[in-house]
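Undergrad: With the sequence up front, the predicted model follows.
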Number of protein chains: 4
Amino acid sequence: MSPRTKAQNEEIRLQSRNLIIDAAFELFAQIGFEKASMAAIAKEAGVSKGLIYHHFESKEEVLKAVFDGLVARTQDLWMADYDKLSPRQLLASIIDITVQFMEANPGWVRLIVHLSLQEDVIAGLSDHIDALRQGKAMQVKPIFEALEYEDPIKEAFFFGAKLDGITLGWLSLGEAYPIDDMIQKLKEEYQLNEN
Amino acid sequence: MSPRTKAQNEEIRLQSRNLIIDAAFELFAQIGFEKASMAAIAKEAGVSKGLIYHHFESKEEVLKAVFDGLVARTQDLWMADYDKLSPRQLLASIIDITVQFMEANPGWVRLIVHLSLQEDVIAGLSDHIDALRQGKAMQVKPIFEALEYEDPIKEAFFFGAKLDGITLGWLSLGEAYPIDDMIQKLKEEYQLNEN
Amino acid sequence: MSPRTKAQNEEIRLQSRNLIIDAAFELFAQIGFEKASMAAIAKEAGVSKGLIYHHFESKEEVLKAVFDGLVARTQDLWMADYDKLSPRQLLASIIDITVQFMEANPGWVRLIVHLSLQEDVIAGLSDHIDALRQGKAMQVKPIFEALEYEDPIKEAFFFGAKLDGITLGWLSLGEAYPIDDMIQKLKEEYQLNEN
Amino acid sequence: MSPRTKAQNEEIRLQSRNLIIDAAFELFAQIGFEKASMAAIAKEAGVSKGLIYHHFESKEEVLKAVFDGLVARTQDLWMADYDKLSPRQLLASIIDITVQFMEANPGWVRLIVHLSLQEDVIAGLSDHIDALRQGKAMQVKPIFEALEYEDPIKEAFFFGAKLDGITLGWLSLGEAYPIDDMIQKLKEEYQLNEN
DNA sequence: AATGAATGAGCTTTCATTCAT
DNA sequence: TATGAATGAAAGCTCATTCAT
């Protein structure tokens, strides 16, 4: 009876929504949230400016959607085989996954760093970012507990700092950064070399 | 015709130039490059918009000038008592200075990280940023050479990564970040504790 | 092919048309023509935006239709017991109906005044407004003729001016306007007090 | 010393400010506040859109400035020879001035009516409008007191309503409105005919 | 007859930059 | 050297209207 079925509409809607989110992600990651204009996003997505506002109330909402989408995609990765591994294997795995993820999604990492640096982070997004950080910390702390470090929380922070520092270096220098050497050194520090 | 000597003119010129650079530094650090308008900079500096364009060709040039000024100022800091200290004391001093600078100029550090992450960094600025990074690396490498590390360059990178990671954490979490603990751990790793 | 009779279709058509007109009336009166968006009208009417364009060529046409509907509805009101009343009773009744209508539809009266003041009134709408005015004048003139006023047309205009002035005052001041006193004075002037 | 003297700048500033206010007045009066776009105002004024924001913070501020300017220009008119006239002469004079003013500034009158009808009158403007109304009322009431009307306030309202109604009629119908006849009838009602 | 996704022109506003003085 | 009035391109956003289904 209806001219297009609800499902059809939903399908179409989702399609263009994703078009927009993908384009926005690309631009946010490349040139940052502020410099990425709605016009540019629309052009990149191949849709009209108006359509973006059909899907999202504002530019900020687009950012949140981009964020949510990526977090969802990411989460699978990390939850992998949590309990089949020894603590040291787990830690090594976290490092490896981080590097793989970073190399596969430099834009995404760039975006997160970019956003977490904003003092007045887009209202309602700081929660998202905090959750992300929290998640990572919560995963690492038990490992250092298992390894019987004196102060597992501190160690988790320190471990995070090292990994973040390496990430930052790689993001800035790109190919010129001796990423492999850094990872190896990091693993040595925690005696994670595979043997 | 001209009641002012060349030198006086130059003096005045330099004065207002510095006024502008200081104001721009303040604003860039506080609210970021994009959000700091030329009008706001002019107001903060107490000069006219036009005058800024007498001194600088564009907003980007202002940023570069701010950058250069900062690099210069920073280098003084670091170069201070280069040869009066032992390598370990030097390393400790670098850490301390970094932390002090970061705590005194969080906005500025934020801005540098932010800029160094942009893929198409403002044309001509990547050189400035690279110079900054280079400067730091060049300073650290000899220390590890003096300390007879196996691969001083690698170690310099790794040390930089740790320091950057800590910086990043503090920038993101602010007060909640256990900065003192991190610094202590870092110093421990390089056996820099004052005794 | 068509399981619906022509009449049924017409019925349905008329139904949704009225739904739209009612919703538009409500919104135009509440927030004005310019501020009432087609999307809002559609939502208020519980139909799709597209359907509005099946019934009306443009937003202006909706306004005209609303107008016509209102004129029709109004005329019924006024024409009611035209010949059962004495001229004075009729005049009193006109005043009362005007006040009632105004109090019941302040937004609408506001809109009419607003529209009749636009110099380049929406193309084709001036006719509708003139018709409304004309209707009122045509009804009042015979009364003053029956009351044997020297110049019934002038008197009709003057009577209209008084009623309009009172309306305007009430629209502007709202509750603060001594509407009852004004009406009483008006009736006194034409010796319409019920006794 | 300064490239342009302060006075020169003030002069220039005032000039373009007035250009803008005049253009805005024209458009607001002709097509109303909502429909008059900043682009149209800029074009009418022969300046850039940007310049308007150099002078006013927003479209609403332009409206307020238009309003203030007109109120100022108007006030002289009314304050004329307040105490040299008898109450009846004063009342006649008020009528005459109103008509003259209305015929000379139809746009202005249209604008005031338009604005006083807006339910959610631009924030901060309702005070202006109320002041205007109040001013007029305060001038008329003492006249009816002097003429020993039973309820001077009521009579002032009623008188105002009649004058407003006539104004409204003339604004709507223009040339077709028997304005002279209406004025004559009004004067008759208050026995103001010059003899 | 009916839907709602999609468009594009136009809205108010901002801001780096120019220019007459 | 210095000013600040002025510009114009582009920003985020709204909305009447179109169109495939």
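TA: In hand now; what should we look at?

Undergrad: Chain B contacts on chain A?
TA: A:30-32, A:34-35, A:110, A:113-114, A:116-119, A:133, A:151, A:154, A:157-158, A:160-166, A:168-169, A:171-173, A:177-178, A:181-182, A:185-186 (CB under 8 Å from any CB of the partner chain). Just so you know, the C-beta spots here come from the backbone N, C-alpha and C atoms, and that holds for glycine as well.

Undergrad: Those, buried ones only, as a PyMOL selection?
TA: Buried residues among these (16 or more other CB atoms under 10 Å in any protein chain shown), as a PyMOL selection:
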select buried, chain A and resi 30+31+32+110+113+114+116+117+118+133+154+157+158+160+161+162+163+164+165+166+168+169+171+172+177+178+181+182+185+186
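
Undergrad: Which ones among the residues of chain A next to chain B lie within helices?
TA: A:30-31, A:110, A:113-114, A:116-117, A:133, A:154, A:157-158, A:160-166, A:168-169, A:171-173, A:181-182, A:185-186 (DSSP state H).

Undergrad: where does chain A dip in pLDDT?
TA: Along chain A, the parts satisfying pLDDT under 70 run over A:1-3, A:77-82, A:119-121, A:123, A:194-195.

Undergrad: so what's whichever residue of it sits closest to chain B up against?
TA: Closest contact between chain A and chain B, by CB to the nearest CB, is at A:G165 (2.9 Å). A:G165 is in contact with B:G160, B:A161, B:K162, B:L163, B:D164, B:G165, B:I166, B:L168, counting by CB atoms under 8 Å, 6 or more residues apart in numbering or on different chains.

Undergrad: Please apply the same query to A:I95.
TA: A:L163, A:I183, A:L186, A:K187, A:L192.

Undergrad: Quick one: residues contacting A:K6.
TA: With CB under 8 Å, 6+ apart, A:K6 has no contacts at all.

Undergrad: what does chain A have sitting close to DNA strand F?
TA: A:3-4, A:8, A:36-40, A:49-50, A:53-54, A:57-60 (CB under 7 Å from any atom of the strand).

Undergrad: How is chain A divided into domains?
TA: For chain A, automatic domain parsing gives the domain ranges A:1-62, A:80-195.

Undergrad: any chance of the ones you listed in a markdown table, plus distance to C:E145?
TA: As requested, these are exported to a markdown table (distance: least, CB to CB, whole Å):
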| stretch | distance to C:E145 |
| --- | --- |
| domain A:1-62 | 58 |
| domain A:80-195 | 69 |
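
Undergrad: Mind listing what's buried along stretch A:62-77?
TA: For stretch A:62-77, a neighbour-count test (16+ other CB under 10 Å) marks A:V62, A:L63, A:K64, A:A65, A:V66, A:F67, A:G69, A:L70, A:V71, A:T74 as buried.

Undergrad: Could you tell me which of these belong to helices?
TA: Per DSSP H, the subset of the buried residues of stretch A:62-77 in helices is A:V62, A:L63, A:K64, A:A65, A:V66, A:F67, A:G69, A:L70, A:V71, A:T74.

Undergrad: contacting residues for the second one?
TA: Okay, so that is A:L63. Contacts of A:L63 (CB under 8 Å, 6+ apart): A:A24, A:F28, A:F33, A:L115, A:I122, A:L125.

Undergrad: Distance from the strand or helix carrying A:F28 to the middle of the chain?
TA: Secondary structure from DSSP states H and E places A:F28 in helix A:6-31. When distances are taken as CA atoms, centre = their mean, to the nearest Å, helix A:6-31 is centred 18 Å away from the chain's centroid.

Undergrad: Grab the nearest non-local neighbour of A:D151.
TA: Spatially, and ignoring its direct neighbours in sequence, A:D151 is nearest to B:D181 (7.9 Å; CB to CB, 6 or more residues apart in numbering or on different chains).

Undergrad: same check, this time on A:A40
TA: In space, and not counting its chain neighbours, A:A40 is closest to A:L27: 5.9 Å by CB to CB, 6+ apart.

Undergrad: which residues sit in contact with A:H114?
TA: A:F28, A:G32, A:F33, B:H114, B:L117.

Undergrad: okay if I get those residues as CSV plus distance to D:T98?
TA: Output for the contacts of A:H114, formatted as CSV (distance: CB to CB, whole Å):
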residue, distance to D:T98
A:F28, 61
A:G32, 60
A:F33, 57
B:H114, 64
B:L117, 68
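
Undergrad: Pull the most distant pair out of those.
TA: Using CB to CB, the pair of the contacts of A:H114 lying farthest apart is A:F28 and B:H114, separated by 13.2 Å.

Undergrad: Near DNA strand E, which residues of chain A? Just list them.
TA: So chain A meets DNA strand E at A:2-4, A:9, A:12-13, A:15-16, A:47-51, A:53-55 (CB under 7 Å from any atom of the strand).

Undergrad: let's see 6 Å
TA: By the rule CB under 6 Å from any atom of the strand, the part of chain A lying against DNA strand E is A:2-4, A:9, A:12-13, A:16, A:47-51, A:54.

Undergrad: possible to save those as CSV with distance to C:D96?
TA: Converted to CSV, the residues of chain A next to DNA strand E look like this (distance: CB to CB, whole Å):
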residue, distance to C:D96
A:S2, 49
A:P3, 49
A:R4, 52
A:N9, 52
A:I12, 56
A:R13, 54
A:S16, 57
A:V47, 57
A:S48, 54
A:K49, 53
A:G50, 49
A:L51, 53
A:H54, 49
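
Undergrad: Quick one: buried ones out of these?
TA: For the residues of chain A next to DNA strand E, a burial check counting by 16+ other CB under 10 Å picks out A:S16, A:V47, A:L51.

Undergrad: of all those residues, which comes closest to chain C?
TA: Nearest member of those to chain C, counting by CB to the nearest CB, is A:L51, at 14.4 Å.

Undergrad: Excluding covalently adjacent residues, which one is nearest to that closest one?
TA: Leaving aside its sequence neighbours, A:L51 sits nearest to A:S16 (CB to CB, 6+ apart; 6.3 Å).

Undergrad: Check A:V113 too.
TA: Nearest to A:V113 is B:L117, by CB to CB, 6+ apart, at 6.1 Å.

Undergrad: go on, A:A29?
TA: A:G107 is the one closest to A:A29 (CB to CB, 6+ apart), at 2.9 Å.

Undergrad: give the contact list for that neighbour.
TA: A:F25, A:E26, A:F28, A:A29, A:Q30.

Undergrad: and it, how far is that from A:V66?
TA: A:G107 sits 10 Å away from A:V66, going by CB to CB, to the nearest Å.

Undergrad: and if you look at A:L14?
TA: Applying CB to CB to A:L14 and A:V66 gives a distance of 15 Å.

Undergrad: try A:A156
TA: A:A156 is 28 Å from A:V66, by CB to CB.

Undergrad: got it, and A:Q100?
TA: Relative to A:V66, and taking CB to CB, A:Q100 is found at 21 Å.

Undergrad: re earlier: closest one of the contacts of A:I95 to chain D?
TA: Using CB to the nearest CB, these come closest to chain D at A:L163, 47.6 Å.

Undergrad: give me every residue that touches A:H128.
TA: Taking CB under 8 Å, 6+ apart, one finds A:K64, A:F67, A:D68, A:V71 in contact with A:H128.

Undergrad: Dihedrals phi and psi, the nearest residue to A:W170 once chain neighbours are set aside?
TA: Nearest-residue entry for A:W170: A:Y177, 4.5 Å, with adjacent residues in sequence omitted and distances by CB to CB, 6+ apart. Dihedral pair for A:Y177: phi -80, psi 130, per degrees, to the nearest 10.

Undergrad: I figured A:Y177 hits A:L168, correct?
TA: No: contact criterion CB atoms under 8 Å: A:Y177 and A:L168 do not qualify, at 9.6 Å.
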